[in-house]
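Student: sequence first, then the predicted structure, then my questions.
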Amino acid sequence: MGAPAAILDVDGTLVDSNYQHAIAWYRALRLHGMTVPVWRVHRAIGMGGDHLVAHLVGEGFEAEQGEAVRDAEKALYSQLIGEVQPLDGARGLIEDLKARGSAVILASSAKPEELAHYLDLLDARDLADGWTDAGDVQSTKPAPDLVTVALQKAGGKPAVMVGDSTWDCEAARRAKVQTIAVRTGGFGVDELREAGASAVFDSIVDLRDGLADTPFG
């Protein structure tokens with residue numbers, strides 16, 4: 001049947017950005033009068049920004065100030081993005097998957113300029129078969145839209161997603177796509193499995209070592 005396509009999440013999976021995002025959202029909310037403990041903000045990272053504000057502080061605040069908070073987060077994260085680095089083995093994972101015959105789609109709901117930065121960090125423009133950004137979907141994770149678009153970019157063939165958050169797992173489950181999770185986003189094994197991950201690895205390096213025992217093998 002051939003190797004399944006690989007749908008790879010980017011933030012927190014291939015690049016180490018979750019905690020910078022958590023700080024940016026924390027500061028953006030504070031600028032607009034809401035102080036949410038950083039640990040709670042972190043638990044929402046991986047969820048798209050169109051859902052995150054309401055998730056953390058309610059629909060009423062979202063309706064009144066959601067767009068302003070998102071604009072502030074964009075500016076604040078731009079001050080931190082220079083700290084973001086690829087996670088160990090990230091580009092190597094793409095190379096491994098390509099060598100096994102998988103099409104590789106980088107599935108991100110990041111803003112286009114942020115994704116462009118990550119593509120440069122990973123040196124992945126000529127390696128990946130395609131990618132998504134925030135402009136490709138109307139509703140981000142945990143909605144399945146991003147995974148569905150990635151499947152289309154992979155030619156509609158069977159696929160497996162690799163992600164780091166419970167939101168990745170939920171989005172993939174809703175799109176009827178199997179997920180392999182890595183713990184690089186700061187989520188625990190039990191909660192990733194409960195969200196739908198079929199296997200959990202501590203890191204990208206560990207996933208590469210165990211690739212033969214996954215559907216990509």
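Tutor: Good, I have the coordinates.

Student: what mean pLDDT does whichever helix in the chain runs longest have?
Tutor: Longest helix in the chain, counting residues (DSSP state H): helix 59-78. Averaging pLDDT along helix 59-78 yields 97.

Student: what pLDDT does residue 157 get?
Tutor: Model confidence at residue 157, given as pLDDT, is 89.

Student: that older thread, in the longest helix of the chain, which residues are buried?
Tutor: Buried residues in helix 59-78, defined by neighbour count with 16 or more other C-beta atoms under 10 Å: 61-62, 65-66, 69-70, 72-73, 76-77. Any C-beta I mention is one placed from the backbone N, CA and C, and that applies to glycine too.

Student: right, and the helix or strand after that helix?
Tutor: The helix or strand immediately downstream of helix 59-78 is helix 90-99, counting by DSSP states H and E.

Student: circling back to that earlier point, ok, which pair from the buried residues of helix 59-78 is furthest apart?
Tutor: By the measure C-beta to C-beta, 61 and 77 form the most distant pair in the buried residues of helix 59-78, at 19.8 Å.

Student: contact partners for residue 123?
Tutor: By C-beta atoms under 8 Å, 6 or more residues apart in numbering, residue 123 lies in contact with residue 91.

Student: residue 164 and residue 25, how far apart?
Tutor: For residue 164, the distance to residue 25 equals 17 Å [C-beta to C-beta, to the nearest Å].

Student: please, where are all the strands along the chain?
Tutor: 5-9, 104-107, 130-131, 159-163, 178-182, 197-201 (DSSP state E).

Student: what lines up beside the second one in the sheet?
Tutor: Looking at strand 104-107 with DSSP bridges, its partner strands are strand 5-9 (parallel), strand 130-131 (parallel).

Student: low pLDDT regions in this structure?
Tutor: Scanning the chain for pLDDT under 70 picks out the ranges 1.

Student: circling back to that earlier point, relative to residue 139, which of the strands of the chain is closest?
Tutor: Distance to residue 139, taken as C-beta to C-beta, is lowest for strand 104-107 among the strands of the chain, at 14.1 Å.

Student: any residues touching that closest one, and which ones?
Tutor: By C-beta under 8 Å, 6+ apart, the surrounding residues in contact with strand 104-107 are 5-10, 14, 94, 97-98, 115, 118-119, 124, 127-132, 146-147, 149-150, 153-154, 159, 161.

Student: return the members of those classed as buried.
Tutor: Buried by 16+ other C-beta under 10 Å: 5-10, 14, 94, 97-98, 115, 118-119, 124, 128-132, 146-147, 149-150, 153-154, 159, 161, out of the contacts of strand 104-107.

Student: the nearest residue to residue 129 once chain neighbours are set aside: what's it in contact with?
Tutor: For residue 129, ignoring the flanking residues on the chain, the nearest one in space by C-beta to C-beta, 6 or more residues apart in numbering is residue 103 at 4.5 Å. Residues near residue 103 by C-beta under 8 Å, 6+ apart: 5-6, 129-130, 154-155, 157.

Student: between these, which sits nearest residue 195?
Tutor: Ranked by distance to residue 195 (C-beta to C-beta), these are led by residue 6 at 19.2 Å.

Student: for that closest one, give the beta-bridge partners.
Tutor: Beta-bridge pairing of residue 6 under DSSP bridges involves residue 104, residue 160.
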